[in-house]
Each structure stands twice: as C-alpha cells, then as structure tokens.
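In: heads up, no residue letters with this:
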C-alpha cells in the first residue's frame, strides 16, 4: 500500500487521532459515554509518538534539527502525561464533565503540537530521510506495533 510521502502519512495519522477524540467529546454531552473511541485514539497517539521518536527524530537530529526535535519531544511528554491522566480517570470511572474537560485539553495540546510539527518537521522528514529509513518508517506506519511498556523520552 503506497502511503505517499512520510509527512502525508503522518498527517493522516494526526487526523485519525483527532477524529477519535472528537467523536468521544461530541457524544458525551448527548448522553454518550463509551470511551472506546477515546481509548483507540490514545493508543494510536502513543504509537504515533513512538514511531516519531524511534524512526523520525534521530535522523532529523543528525541533520541539525536539534531544537525543533527538542520542542517536539517536550510536547510529546506533555501529551503522554495528559493521556495518563485521562486513563486514570477512565479507570476510576470519573464523571463525564471531568473526562470531557481532560479530552478537550488533550485536543488543545494536539492542536498546538501539530500546528508546529506538520509545517516544520514533516517537510524535513521527506527531505532528510534516506530511502532505507523512509521505507522502514512507511512499513511501521502500515503495520508496526509499539513495544509493550515503551514510554516516550520526556514523559
């Protein structure tokens, strides 16, 4: 399956993740409370963070993008911690309002993060990744799994 550029494939993942969280937040005020879309979106986000930190960021650092990668890593830590807090609330059967607020906070963090990552990091990914690294990343996007217990660098 051809996914186009690495940047385009990663942006599609952003849209899918946002969509799952938005599906959950839209259903809550109308009496919905099934956290399945939110849980799937957070699992996808954790996997997405993994693939960026393990496959994408190392070659970008080597190409001199140290500061932008540092900012992305710091924001990944914020996202990871926000997801941990949501999972704790889900496990504790927190009220809808609490989960809605936390989910909206996660969407806001993602919006802030993606608005930098998509125009700055992803175009460089397509320019910097060699064919072998690009193929590995594309293969992971298609079917890779995050190792059990992996945690992002700044969480």
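Out: Thanks, I have it. All figures in this text were calculated on a predicted structure; none of them were measured in a lab.
In: so where's this protein uncertain?
Out: Applying pLDDT under 70 to the chain picks out residues 1-3, 94.
In: middle-most residue in it, spatially?
Out: Taking C-alpha atoms, centre = their mean, the centroid of the chain lies closest to residue 45, which sits 3.3 Å from it.
In: residues contacting that one?
Out: Residue 45 makes contacts with 17, 79, 83, 110, as judged by C-beta atoms under 8 Å, 6 or more residues apart in numbering. C-beta coordinates here come from the backbone N, C-alpha and C atoms, glycine included.
In: wait, which of the residues you listed is closest to residue 129?
Out: Nearest to residue 129 among the contacts of residue 45: residue 17, at 21.6 Å, using C-beta to C-beta.
In: from what I see, that closest one and residue 43 are in contact.
Out: No. The pair residue 17 / residue 43 is not scored as a contact, 9.5 Å apart, by C-beta atoms under 8 Å.
In: those two: which is more packed in?
Out: Set side by side, residue 17 and residue 43 show more neighbours around residue 17, with 23 against 14, by other C-beta atoms under 10 Å.
In: quick one on the thing from earlier: among the contacts of residue 45, which one sits closest to residue 120?
Out: Taking C-beta to C-beta as the measure, residue 120 lies nearest residue 110 of those, at 15.6 Å.
In: give me the neighbour count for the closest one.
Out: 20.
In: circling back to that earlier point, for the residue nearest to the centre of the chain, give its distance to residue 132.
Out: 26 Å (C-beta to C-beta, to the nearest Å).
In: apart from its neighbours in sequence, what residue is nearest residue 26?
Out: Setting aside the residues directly before and after it, residue 26 is nearest to residue 32 in space (C-beta to C-beta, 6 or more residues apart in numbering), at 8.0 Å.
In: buried residues in the helix ranked longest in the chain?
Out: Longest helix in the chain, counting residues (DSSP state H): helix 66-91. For helix 66-91, the neighbour count (16 or more other C-beta atoms under 10 Å) marks 68-69, 72-73, 75-80, 82-83, 86, 89 as buried.
In: ditto for stretch 27-38
Out: 27-28, 35, 37-38.
In: dump those into TSV; add distance to residue 144 as well.
Out: As requested, these are exported to TSV (distance: C-beta to C-beta, whole Å):
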residue	distance to residue 144
27	30
28	31
35	25
37	22
38	22
